[in-house]
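J.: Have a look; sequence and predicted model below, questions after that.
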Amino acid sequence: MLKDLRLLGKESLVYGLSTVVARLLNFLLLPFYTHYLAPDEYGVVSTAYSYIAFLNIVFLLGLDQAYLRFAAGADDARSEATFSTAFWATALWAGAVAVLTAAAAGPLAAWGGLAANGASIVRCAAAIILLDSLAAPAFADLRLRHRAWAYAGIKSFNIVLSVALNIAFVGGLRLGVRGVFLAGVVTSAATLALLAPVFAQRLRRRFEGPLAQALLRFGLPLVPAGLGAMVVQVADRPILLHLTDGATVGIYQANYRLGIFMMLVVSMFDQAWRPFYLERAAKPEAPALMARVLTLFVAGSAWLALGLSFFLPDLVRLELAGRTLIHPAYWSGLAIVPVVLFAYVFHGAYINFLAPIAIAKKNEYVTAATALGATVSVAAYFVLIPRFNLVGAAWGHLLAHAAMAFAAYRAGRYVWAVPYEWRAVAATLAPVLASGGLAWFLSGRLDGGSWFAARAALLLAVPVCWVPVARSFQLTQQL
């Protein structure tokens, strides 16, 4: 057992670090885009990639996950048959959808609110999704055979090549939006080529109809849940474009992506949290331990979100080699940054609340929570965006994550009781909210060094206020 746990920990670390590195490298494109793309052009890019995120799920039909389920524990011959069937089924379906998408590129671009050159963007998007769909079974096979380093290496290469090609096409050749999507096509094609050894080893000219049906029976039910999760993550961009304009979407996307720092913290916590609670579920102190984790996570993540809210605007305006980190044309959207950061705090709480559901193996509650989040997000966008513009979109995103956290908490109460320390959570949040409120009050009254000092003092005052809270609720005691 210890050997298995060590393997799990090693692979979690490799996948987690590769994800962090990939996202940080991808984040480097944000300052680049803001200096080489106008807000309306960046709005087109972000909206198109939102559509790509949805279509990735439709193109795949859950067949990569089905392959993992059916090939796990199978002998080599059966595993090869499963891989081949999953790949050819994906190729047939994704190829057909890609051809239809490319054929209807003009009407689809007009319906999606893309620019005048939207038809070429749609065709590039179809090519990207097709190539990524063909690569998905191979990536699943690397995970199945515990080839974590190969998986992480190819994924990292994908990001590095994407960054390099974007700089070459957009910055060097000045191809604008077209350059972004050409870079995407070349990157996806190169990634698929790197997976050739996997295909050479696993792919055969073999397709089993009954097996394909079984794979689809497993994979298709995953599609609605995947689409619901994607609504929560990216539906704000297309809806914002529908209700406003491309420039607003571009400004929103640039400032939304500043939340990457909180996203990385929550992602790293998620990587560690899942094996942590599953390994300890049978221990008598597990419920109290999980409650304490929530208290400490909410306190720490809220304080980090507060600090980032205070000082990210200064980072955005920082001049390097005569240029600000983010182009001034995008600064009007900085008001959404605190909202986005605290949305990730709610997402982290949601991840905490998933523990009882996962332990009880009641995954249907996850689907229900995702559906609620998707419903709340869409409703909030249509209510709030017309009144508050891009700030309304950010609040809709926060409300969606709050709804998902609440739904997961309520479901968890019925399947596996955890005595959450709500009084302690409230006591640790109070100084964070008070500091944020005072900063908002002082924001128009101080400037320069005095404003910086005030924010630093308010941020440092929070852990000072936590000292009596920790003593009162015995938060540092051994469980």
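T.: Alright, I've got the coordinates. Numbering: from 1, shown residues only.
J.: shaky segments in the stretch 351-479 of the chain?
T.: 476-479 (pLDDT under 70).
J.: what's the neighbour count on the spatially closest residue to C124 that is not a sequence neighbour?
T.: Distances taken as Cβ to Cβ, 6 or more residues apart in numbering place F181 nearest to C124, at 3.7 Å, with adjacent residues excluded. In short, each C-beta sits where N, CA and C put it, glycine included. When neighbours are counted by other Cβ atoms under 10 Å, F181 registers 25.
J.: same thing with F70?
T.: With other Cβ under 10 Å as criterion, F70 counts 21.
J.: and it, that one's in a helix?
T.: Yes - F70: assigned to a helix according to DSSP: H, G, I helix; E, B strand; the rest coil.
J.: how about whichever strand or helix holds the residue nearest to C124: buried residues?
T.: Using DSSP states H and E, F181 sits in helix 177-194. Under the neighbour-count criterion of 16 or more other Cβ atoms under 10 Å, helix 177-194 has 177, 179-188, 190-192, 194 buried.
J.: Check which helices and strands that helix sits against.
T.: helix 39-60, helix 118-144, helix 148-166 (3 or more Cβ pairs under 8 Å, 6 or more residues apart in numbering; DSSP states H and E).
J.: can you put these in a markdown table and add distance to Q213?
T.: Compiled in a markdown table, the helices and strands packed on helix 177-194 are given as follows (distance: least, Cβ to Cβ, whole Å):
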| stretch | distance to Q213 |
| --- | --- |
| helix 39-60 | 17 |
| helix 118-144 | 17 |
| helix 148-166 | 29 |
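J.: out of the ones you listed, which comes closest to E364?
T.: Ranking the helices and strands packed on helix 177-194 by their distance to E364 (criterion: Cβ to Cβ) puts helix 39-60 first, at 18.9 Å.
J.: Quick one: find the helix or strand in this structure with the lowest mean pLDDT.
T.: Sorting the helices and strands of the chain by mean pLDDT, DSSP states H and E puts helix 2-27 at the bottom, at a mean of 66.
J.: from memory W395 sits against F388, does it?
T.: Yes - between W395 and F388 a contact is recorded at 7.0 Å, counting by Cβ atoms under 8 Å.
J.: Neighbour count: the two, which is higher?
T.: The neighbour count for W395 versus F388, taken as other Cβ under 10 Å, is higher for W395 (20 against 15).
J.: check contacts around that one.
T.: Listed by Cβ atoms under 8 Å, 6 or more residues apart in numbering, the contact set of W395 reads 339, 380, 384, 388.
J.: for those, which one is nearest I359?
T.: A380 (31.1 Å).
J.: State the distance from the closest one to L131.
T.: 34 Å (Cβ to Cβ, to the nearest Å).
J.: follow-up on the earlier one: need the pLDDT of the residue nearest to C124.
T.: Looking at F181, its pLDDT is 96.
J.: who's in contact with it?
T.: 48, 120-121, 124-125, 128.
J.: Farthest-apart pair in those residues, please.
T.: Maximum distance among these (Cβ to Cβ): 12.6 Å, for S120 and I128.
J.: These two: which has the busier surroundings?
T.: Using other Cβ under 10 Å, the more surrounded residue of S120 and I128 is I128, with 24 against 18.
J.: Who are the contact partners of F269?
T.: Here F269 is in contact with 297, 348, 351 (Cβ under 8 Å, 6+ apart).
J.: can you do 6 Å?
T.: For F269, the contact set (Cβ atoms under 6 Å, 6 or more residues apart in numbering) is empty.
J.: May I see the buried residues of the helix or strand that contains it?
T.: Using DSSP H and E, F269 falls within helix 260-280. Neighbour-count burial for helix 260-280 flags 260-267, 269-271, 273-274, 276-277 (criterion: 16+ other Cβ under 10 Å).
J.: now stretch 110-123
T.: Within stretch 110-123, the residues scored as buried using 16+ other Cβ under 10 Å are 112-115, 118-123.
J.: swap in stretch 404-414?
T.: Quick answer for stretch 404-414 (16+ other Cβ under 10 Å): 404-409, 411-412.
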